[in-house]
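Visitor: Show me the folded form of this:
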Amino acid sequence: MPADHYDAVIIGSGQGGGPLANAFAHAGRRTALIEREYVGGTCINVGCTPTKTMVASARVAYLARRAAGYGVNAGSISVDMTAVRARKRAIVDSFRAGSESRLEKTPGLDLIRGEARFTGPKALTVAGPTGERQITAGLIVLDVGARPAPPPLPGLERVLALDSTSIMELDVLPEHLIVLGGGYVGLEFAQMFRRFGSEVTIIQRGARLLGREDDDVADAVAAILREDDIEILLETAARSVKPGDSGGIKLTVNAPAEERVLSGSHLLTAAGRAPNTDRLALDEAGVKTDKRGYITVDARLATNVPDIYAIGDVIGGPAFTHISYDHFRILRTNLIDGGDATTTGRLVPYTVFIDPQLGRVGLNETEAREQCRPVRVATLPMSGVARAVEVDEPRGFLKAVVAADSDRILGFAALGLEGGELMAVVQTAMMGNLPYTALRDGIFAHPTLAESLNTLFANLEQ
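Guide: Modelled structure (predicted):
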């Protein structure tokens, strides 16, 4: 059959691809959005939405166990993993259905189910439920995302290893969860399942957790998790794994002092991801990738092939939903509105949803000093924040890095109660290019977390 031609084709309906397809259609361009599995991409289906839903359940369990400290008698606490999973599934289904409905009702937009692969620079074959169809396009955007990548661990194929997707489908509580990886994903699941009631051990190859953070921030995170009775083994490398004698797994690790064999009921691998480019047949289009398979793009998200763009996790870099959405805004600006937006110089905020949260934006102290920037640093323990003490959540601290020659805020970390929300206040000041004195001298309502910024910036080292 002859190929069906579209003005624009987006492959992947993630948090960048879906809105972009909608924007093209509203701009009067005949548009196809191709999705091989679930509308909404990683965020809605296996990322932000389900994990933060489960984090919320874990926090309720944590607070319920602490109820007596607030003068509240809550009784015996237990967690029903089937109910936790059902709640998670219901919210995911609701978000996904809403996204599907909006796309299907958009005039000029065809939502095509199937897996796409290139047959030429502007030609695709889509294998769907009813067979294959041929499609050509004037413009193509790749938003195919990434997936958990199992580590090269001998014996892994012999055990039932969980990843960040499959662990959320458990209907039983692990007796002892061993987590490979001390990054953002590993820590969120480690604390979550500890609060559900599992014994938890984190295996981290590096000398600290969260290798991209300042040492003092990483050390404080480790202290909080250890306070929650999570075992953390640093400078420890997994060497092999095998089935346990009566179920579960046995993990052999090289620790600093000795080789150890750890026994656990479940194993979570949370130390890497791989781009979903292996089945796109990119060679047929001539699209270049790096050695790991991530698509290479310029600051305007263009690949090396004219009129083919890539957005989201598939290009590497910060794997955050809000970055994917920013990619949508860049392409909408450039391809629809005739603008000239780029990724250059943008602030990249993020929040690690451990509890308390870690909100981060801009340069950390290490990065600023590596750039030979003259800086001043301010810190404030959350135990010095009235609101945190009043709600009995005094763990963590705030940290700001300020340019000594301009008084502009270069970066900020909030490890504390609602750290992500507090970070956004400072980010707003950074976006407005305000000096730190604007926050030091600003009037914030009392008692709020935001008023801690008065004290933090008053503590700026001279």
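
Visitor: Tell me how far the longest strand seen in the chain lies from the chain's centre.
Guide: Using DSSP state E, we find that the single longest strand of the chain is strand 131-142. Centroid separation for strand 131-142 versus its chain: 29 Å, with Cα atoms, centre = their mean, to the nearest Å.

Visitor: Buried residues in it, which are they?
Guide: Residues of strand 131-142 classed as buried by neighbour count (16 or more other Cβ atoms under 10 Å): 135-137, 139-142. Every C-beta, even on glycine, is put in place using the N, C-alpha and C of the backbone.

Visitor: Output the contacting helices and strands for it.
Guide: strand 4-11, strand 31-35, strand 123-128, strand 308-310 (3 or more Cβ pairs under 8 Å, 6 or more residues apart in numbering; DSSP states H and E).

Visitor: Now tabulate those strands in TSV and tack on distance to Val217.
Guide: Output for the helices and strands packed on strand 131-142, formatted as TSV (distance: least, Cβ to Cβ, whole Å):
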stretch	distance to Val217
strand 4-11	37
strand 31-35	38
strand 123-128	45
strand 308-310	32
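
Visitor: could those go into TSV alongside mean pLDDT, mean neighbour count and distance to Phe397?
Guide: Below are these laid out as TSV (pLDDT from 0 to 100; neighbours: other Cβ atoms under 10 Å; distance: least, Cβ to Cβ, whole Å):
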stretch	mean pLDDT	mean neighbour count	distance to Phe397
strand 4-11	98	23	43
strand 31-35	98	26	43
strand 123-128	97	18	51
strand 308-310	98	25	38
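
Visitor: Ala281: which of these is closest?
Guide: Ala281 lies closest to strand 123-128 among those, at 8.6 Å (Cβ to Cβ).

Visitor: And for the closest one, what's in contact with it?
Guide: 3, 9, 11, 34, 112-119, 132-137, 140 (Cβ atoms under 8 Å, 6 or more residues apart in numbering).

Visitor: Listing partners with orientation, what would you give for it?
Guide: strand 115-120 (antiparallel), strand 131-142 (antiparallel) (DSSP bridges).

Visitor: Can you name every helix or strand that the helix or strand just after the longest one contacts?
Guide: Translated: strand 131-142. Using DSSP states H and E, the helix or strand that follows strand 131-142 in sequence is strand 146-148. Other helices and strands packing on strand 146-148, by 3+ Cβ pairs under 8 Å, 6+ apart, are strand 273-275.

Visitor: And the strand it packs on, what does it pack against?
Guide: strand 146-148.

Visitor: partner strands of the helix or strand following the strand it packs on, parallel or antiparallel?
Guide: Where DSSP H and E defines the elements, the next helix or strand beyond strand 146-148 is strand 161-162. Sheet pairing of strand 161-162 (DSSP bridges) gives strand 266-269 (parallel).

Visitor: Distance from the strand it pairs with to the middle of the chain?
Guide: 19 Å.

Visitor: Would you mind checking the average pLDDT for that strand?
Guide: Averaged across strand 266-269, the pLDDT comes to 98.

Visitor: and what of stretch 170-181?
Guide: The model assigns stretch 170-181 a mean pLDDT of 97.

Visitor: Using CSV, write down the CA coordinates of it.
Guide: The C-alpha trace of stretch 170-181 is given here as CSV (Å, rounded to 0.1, in the frame of the first residue of the first chain):
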residue,chain,number,x,y,z
LEU,A,170,5.3,-6.5,44.2
ASP,A,171,2.3,-7.6,46.2
VAL,A,172,4.4,-8.9,49.0
LEU,A,173,6.8,-7.1,51.3
PRO,A,174,10.5,-8.1,50.8
GLU,A,175,12.0,-9.4,54.0
HIS,A,176,15.4,-8.1,53.0
LEU,A,177,15.8,-5.9,50.0
ILE,A,178,19.3,-5.4,48.6
VAL,A,179,19.7,-2.3,46.4
LEU,A,180,22.5,-2.1,43.9
GLY,A,181,23.2,1.6,43.4
